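>>> no FASTA, just this:
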């Protein structure tokens, strides 16, 4: 294939091993969804156009505006998926400013605050539980397999119960999982979270607020997230693959 100066060749084009060729690749979709709370516009999510209801509810939970499903009167996503309305059973004050969360499509947050108590449950698991969770994470990336450029997070009990969320924003995936938990009745004997995204202090706080005892990342944790996990009794694991992983805090949840 010859690349013309007038760019008449259809894109995208792959360059590999000294050759050019046209490929059929669909990029992930990104939309702006405006969040309204009690009829008042709050902010705009930059997100993937699915699991929006769960995203809105989980965001309000992780930002500590709600604690229980009973506080939600109505959640409605418009047909065009351009806005989501959440009506609560009580008044809530809109923040005057937001903090930009770290990373690409990090989203908005008030602060990386952990609302739950220190995790004291030390249910032990064999290393195989972590490896199986990582394998399930990779296998659950249906959107990623179609377009790439999509993060995935799962919450599991290490056995059969699990929740899956995908989004262009890694923070959004954990908010979506929080929304699923709040809107549905799940029975978790323990909560193990795995994600394709980097674990920053904000990500660690969101996972902690969900009650995750073990947090696993395909990539790295930050120094702040390691310190926070240590202080809050969370087992933090990074650089997880199908056959290996690195433990940074509280290794006593894993038996030799």
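Ah, there it is. None of these values were measured; they are calculated from a predicted model.

>>> Would you mind measuring from residue 157 to residue 189?
Per C-beta to C-beta, to the nearest Å, residue 157 is found 5 Å from residue 189. (Each C-beta comes from the backbone N, C-alpha and C, glycine too.)

>>> who has more neighbours, those two?
More crowded of residue 157 and residue 189, by other C-beta atoms under 10 Å: residue 157, with 17 against 10.

>>> what's the domain layout of this protein?
As given by automatic domain parsing, the domain ranges for the chain are 31-109, 127-253.

>>> Between those domains, which one is closest to residue 18.
Shortest distance between residue 18 and the domains of the chain, using C-beta to C-beta, is found for domain 127-253: 23.1 Å.

>>> So for residue 14, which of the domains of the chain sits nearest?
Using C-beta to C-beta, the nearest of the domains of the chain to residue 14 is domain 127-253, at 12.7 Å.

>>> got the end-to-end distance for the closest one?
10 Å (C-alpha to C-alpha, to the nearest Å).

>>> Report the separation between residue 25 and residue 31.
Distance from residue 25 to residue 31, by C-beta to C-beta: 20 Å.

>>> meant to ask about residue 198
Where residue 31 is concerned, residue 198 sits at a distance of 23 Å (C-beta to C-beta).

>>> Show me where the chain has its helices.
52-62, 127-139, 142-147, 170-183, 201-210, 223-231 (DSSP state H).

>>> Return the residues in contact with the residue positioned nearest the centre of the chain.
Centrality entry for the chain: nearest residue to the mean C-alpha point is residue 173, 2.4 Å, by C-alpha atoms, centre = their mean. Contact analysis of residue 173 by C-beta atoms under 8 Å, 6 or more residues apart in numbering lists 151-153, 165-167, 195, 197.

>>> what's around the closest residue to residue 241 other than its chain neighbours, how many residues?
With sequence-adjacent residues excluded and distances taken as C-beta to C-beta, 6 or more residues apart in numbering, residue 241 is closest to residue 134, at 6.5 Å. Residues within reach of residue 134, counting by other C-beta under 10 Å, total 22.
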